[in-house]
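1. compute the structure for the input listed below.
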Amino acid sequence: QVQLLESGGGLVQAGGSLRLSCAASGRTFSMHTMGWFRQAPGKEREFVAAISWSGSTTVYADSVKGRFTISRDNAKNTVYLQMNSLKPEDTAVYYCAADMVTSTSSYEYRYWGQGTQVTVSS
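-> Predicted structure coming up:
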């Protein structure tokens, strides 16, 4: 069982940066792939980024590639999402997720946080 808690969301102007954190409980955190997803009002939840248990593999959505960076610190049971050059279209609730497989599909992740709001003003 893994419990997840996101933090770091907020309001930022276009072009600005935010760093999201996701703190996990459970001794098996280091064995899980961690993913970030987001959901804007009226839209489906979409994949943002994922990182393998070792950190050696990262995957990004095309829309954030080159602007966002996912990383993890297994000693702290925490995964991060550094978001730079933010755009208004990045506005959404951001969720972290965990499971044993590295996937871009939300259906592959069993464990989810409650989300943190990111709002980018133009």
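
2. from here on, just use CA atoms for contacts and neighbour counts.
-> Will do.

3. and stretch 89-99, which residues are buried?
-> Neighbour-count burial for stretch 89-99 flags 90, 91, 92, 93, 94, 95, 96, 97, 98, 99 (criterion: 16 or more other CA atoms under 10 Å).

4. next: stretch 108-122.
-> Residues of stretch 108-122 classed as buried by neighbour count (16+ other CA under 10 Å): 109, 112, 113, 115, 116, 117, 118, 119, 120, 121.

5. which stretches of the chain have low pLDDT?
-> Low-confidence segments of the chain (pLDDT under 70): 27.

6. repeat that for 80
-> Applying pLDDT under 80 to the chain picks out residues 26-30.

7. pick out the residue nearest the middle of it.
-> The residue lying closest to the centre of the chain (CA atoms, centre = their mean) is residue 36, at 2.4 Å.

8. was I right to think residue 110 contacts residue 99?
-> Yes: with contact defined as CA atoms under 8 Å, residue 110 reaches residue 99; the gap is 5.9 Å.

9. so which residues of the protein form helices?
-> In order along the chain, the chain carries no helices (DSSP state H).

10. which residue is the nearest non-sequential neighbour of residue 54?
-> Computed as CA to CA, 6 or more residues apart in numbering, the closest residue to residue 54 that is not its neighbour in sequence is residue 30, at 7.3 Å.

11. distance of the nearest residue to residue 113 once chain neighbours are set aside from residue 67?
-> Using CA to CA, 6+ apart and skipping the chain neighbours, the partner closest in space to residue 113 is residue 4 (4.6 Å). According to CA to CA, to the nearest Å, residue 4 stands 24 Å off from residue 67.

12. now do residue 60
-> 10 Å.

13. more neighbours, those two?
-> A count of neighbours by other CA atoms under 10 Å puts residue 60 above the other of residue 60 and residue 67, at 20 against 14.
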